[in-house]
Structures are given as C-alpha cells and as structure tokens.
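A.B. asks: Fold the following for me, if possible:
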Amino acid sequence: MTTFPVRLVLLTTVFATCAFAQKGVQTSVRMNTTVQILKAEDARAYDKTLEDLMASPNESVRIRALLAAGRIGDEKAIPRIASMLESGSVKLREMAAFALGEIESVKATDAILKALKNADAADAQAETRAVASVPLRAETRV
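C.D. replies: Okay, here's the model as predicted:
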C-alpha cells in the first residue's frame, strides 16, 4: 500500500515526464534518476544511491542530488558535499554550500568556513550565505 505523499510524488513525476516527452527530450534516464532522488529524500535516507548520483557526469543530476542530501540532513553526507565545494561550476559549488547549510551542523559549518577561507571574493557569496543559514546552538553561541 502506497502512502499519499509517495503517490503524489510519483504522479507529479509522471506529469513532468510527459511534458518533457512532448518536447522530444529523452526522459527514461531522467525519470528514473528523479524517482531515485525523490525516494531517498522522502525516506530521509542518505545512502550509496544518493552518493553515486552526486558523482553523476550530469551536472543537473549532481545539483539535485546535493539538494536532496542537504534536505535529508544526515551528517554522513558532509565529507562528500564538502568535497564538491572545491571544484565544478559556480552553480554546483553554490548548491554544495546551500546543502551544507541545510544540514544545520557544526561540522557542516566548519566545512563551509574552510572553503570560505580558500575562496576568492566571487566564490565567497554562497559559502557566506550557507554559514549564515546555520542556526547557532546554545553551546556554540558567543
């Protein structure tokens, strides 16, 4: 028996796939990938599947997988996400910084601050926004 949120996600995915198909875009891989990401996010499960998607040759897939990993909020994702702050397009690095901010962890903040220390002024905006989004816990407040 499928729960309502899962049905809604699958129905939305089918409609989106139909829209892409009408434009002549091949969607078999895209639909399968989207479903994998949505299932992981819905289950709040950071696992090997999501980690593999963050290593996809397709940047759009990597960006969406980063967002899912951040929303899941599992600290196990921090090393993988942090490594993505160091290379790739500006859009990819911005999403990596955002995903770390979504995890709301001191460890994630440390990774962002390290990247910020090594970033030039143009790259520093995303990391600064990500650090600002992490709430201070009582034990870390000054």
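A.B. asks: Now do the helices in this structure.
C.D. replies: 4-22, 28-43, 48-53, 59-72, 78-83, 90-103, 106-118, 124-133 (DSSP state H).
A.B. asks: so what's the nearest residue to Ala77 once chain neighbours are set aside up against?
C.D. replies: Using C-beta to C-beta, 6 or more residues apart in numbering and skipping residues adjacent in sequence, the residue nearest Ala77 is Ala69, 4.4 Å away. Placement of C-beta: from N, CA and C, glycine included. Neighbouring residues of Ala69 by C-beta atoms under 8 Å, 6 or more residues apart in numbering: 46, 50, 54, 77, 80-81, 99.
A.B. asks: And those, which is closest to Val90?
C.D. replies: Using C-beta to C-beta, Ala99 is the member of these that lies nearest Val90, at 14.8 Å.
A.B. asks: do you know how far the residue nearest to Ala77 is from Lys117?
C.D. replies: 23 Å (C-beta to C-beta, to the nearest Å).
A.B. asks: Check the separation of the first and last residues in stretch 40-52.
C.D. replies: Stretch 40-52 has an end-to-end distance of 12 Å (C-alpha to C-alpha, to the nearest Å).
A.B. asks: if we can go back for a sec, tell me the one among the contacts of Ala69 nearest to Leu38.
C.D. replies: Distance to Leu38 across the contacts of Ala69 (C-beta to C-beta) is lowest for Leu50, with 10.8 Å.
A.B. asks: Run a quick neighbour tally on the residue nearest to the closest one when sequence neighbours are not counted.
C.D. replies: Leaving aside its sequence neighbours, Leu50 sits nearest to Ala40 (C-beta to C-beta, 6+ apart; 4.6 Å). Look at Ala40: counted by other C-beta atoms under 10 Å, it has 21 neighbours.
A.B. asks: Next: Gln36.
C.D. replies: Counted with other C-beta under 10 Å, Gln36 comes out at 17.
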